[in-house]
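**Student:** predicted model follows, preceded by the sequence.
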There are 2 protein chains.
Amino acid sequence: MERLKQAIVERGIVLSEHVLKVDTFLNHQIDTGLMAAVGEEFARIFQQDGITKVLTIESSGIAPSFMAASKLEVPLVFARKRKSLTMDEHVYASRVYSFTKRTESEIAVSKDFLASGDRVLILDDFLANGQAAKGLIEIVEKAEAVVAGVGIVIEKSFQPGREQLINSGYRVESLARVASLENGRVTFVESEAPIK
Amino acid sequence: MERLKQAIVERGIVLSEHVLKVDTFLNHQIDTGLMAAVGEEFARIFQQDGITKVLTIESSGIAPSFMAASKLEVPLVFARKRKSLTMDEHVYASRVYSFTKRTESEIAVSKDFLASGDRVLILDDFLANGQAAKGLIEIVEKAEAVVAGVGIVIEKSFQPGREQLINSGYRVESLARVASLENGRVTFVESEAPIK
């Protein structure tokens, strides 16, 4: 998605070879026009897939997912992050390890909001090691619902998340695929035309 | 807003005289059609007020604020909650006490995303004791920006938040004003027509 890649190049900050900061338009301040376009693009990609729910994770996943779910005319459910593991029989939960923060946390969704008939589109802001996506997939499958696909705003293609998900049989659609953050510069995977 | 009040009556759960649970359409699962209408209503109410930014707080504030900011064609900024108080010179921060959880936390916004020329619309899902709204107001005023108004999805009018904000000179616009949760039943303030 050209407009998104342009925003990454012009407004993203490369903090290291592994860290791209996009607080100006996605993770803290939200460019509502751009995120509406991102949501519409996800809705276009998955419009034929009989999606019944969009599932994301708080907080940064909510804005790009809202317009996608709205256009697909389905509810949006966001998984909650919890620091401590709690015994709660009425949720589907999974553990997610953060390589960035080096902590494990739990994510959970109430059993009221996922059911065996659902075809679920999982959306998230970033895909790197795939921990959050795998946690969301585990929750959907505990509910005996179907993972119709995984949509990602920004994929760091040099990290193993995408490949692992695809090898496990999931469909992954990323709107921007970052090949490298080396030398303080963003380059995208070669199948896509360069911006500059 | 009639459609919102109908959702509260039909899909909200009164847990106690003080607690209304709306996880089915606002706080965990999001009714995207209803939240789009909520956002459009905020945009309509504040369209003449020269808003330059919408400010909310993660996570439940993001969905209803997204469409409001989108319709007003301004960025949405969400304050981050932090458990521990950290020394960070590059944020505007304030402390917020939660009467529900009986804990104090810090909310923070990067100095990059609020400036003295801004006219800020503060939006949040609930108004009860007004702690979150006051924290957001403090952040806006630390940035020497102007609080153009406070928009609330569901106001618990029997708690003191609204009155305190109005007495301090702020404009408060709530889309549903709950007068009471007594006897397991939701009643709205009498200036508004009853649903049932």
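**Tutor:** All right, it came through fine.
**Student:** can you read off the pLDDT for the closest residue to A:I62 other than its chain neighbours?
**Tutor:** With CB to CB, 6 or more residues apart in numbering or on different chains as the criterion, A:I62 has its nearest non-adjacent residue at 4.4 Å, and that residue is B:I62. Every C-beta, even on glycine, is put in place using the N, C-alpha and C of the backbone. With respect to pLDDT, B:I62 scores 97.
**Student:** over to B:I62: give its phi and psi.
**Tutor:** phi -70, psi -50 (degrees, to the nearest 10).
**Student:** with the one 4 residues further on instead?
**Tutor:** In this entry, B:F66 is assigned phi and psi values of phi -60, psi -50 (degrees, to the nearest 10).
**Student:** next up, the contacts around it.
**Tutor:** By CB atoms under 8 Å, 6 or more residues apart in numbering or on different chains, the residues touching B:F66 are A:30, A:32, A:35, A:62-63, A:66-67, B:35, B:39, B:76.
**Student:** need those residues in JSON lines with secondary structure, can you?
**Tutor:** JSON lines is the format used below for those (DSSP: H, G, I helix; E, B strand; the rest coil):
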{"residue": "A:I30", "secondary structure": "strand"}
{"residue": "A:T32", "secondary structure": "helix"}
{"residue": "A:M35", "secondary structure": "helix"}
{"residue": "A:I62", "secondary structure": "helix"}
{"residue": "A:A63", "secondary structure": "helix"}
{"residue": "A:F66", "secondary structure": "helix"}
{"residue": "A:M67", "secondary structure": "helix"}
{"residue": "B:M35", "secondary structure": "helix"}
{"residue": "B:G39", "secondary structure": "helix"}
{"residue": "B:L76", "secondary structure": "strand"}
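**Student:** from those, pick the one nearest B:I45.
**Tutor:** B:G39 (10.9 Å; CB to CB).
**Student:** list the contacts of the residue nearest to the closest one when sequence neighbours are not counted.
**Tutor:** Distance criterion CB to CB, 6+ apart; nearest residue to B:G39, sequence neighbours excluded, is B:M67 at 2.6 Å. B:M67 makes contacts with A:66, A:70, B:35-36, B:38-40, B:43, as judged by CB under 8 Å, 6+ apart.
**Student:** which of those residues lies closest to A:E141?
**Tutor:** Distances from A:E141 to the contacts of B:M67, taken by CB to CB, are shortest for A:F66, at 24.3 Å.
**Student:** spell out for me which residue occupies the centre of chain A.
**Tutor:** In chain A, the centroid-proximal residue (CA atoms, centre = their mean) is A:D124; its distance is 1.5 Å.
**Student:** which non-adjacent residue is nearest that one?
**Tutor:** A:G61 (4.9 Å).
**Student:** count of residues packed around that neighbour?
**Tutor:** When neighbours are defined as other CB atoms under 10 Å in any protein chain shown, A:G61 has 26 of them.
**Student:** now do it against A:F158, distance only.
**Tutor:** From A:G61 over to A:F158 the distance is 22 Å, taken as CB to CB, to the nearest Å.
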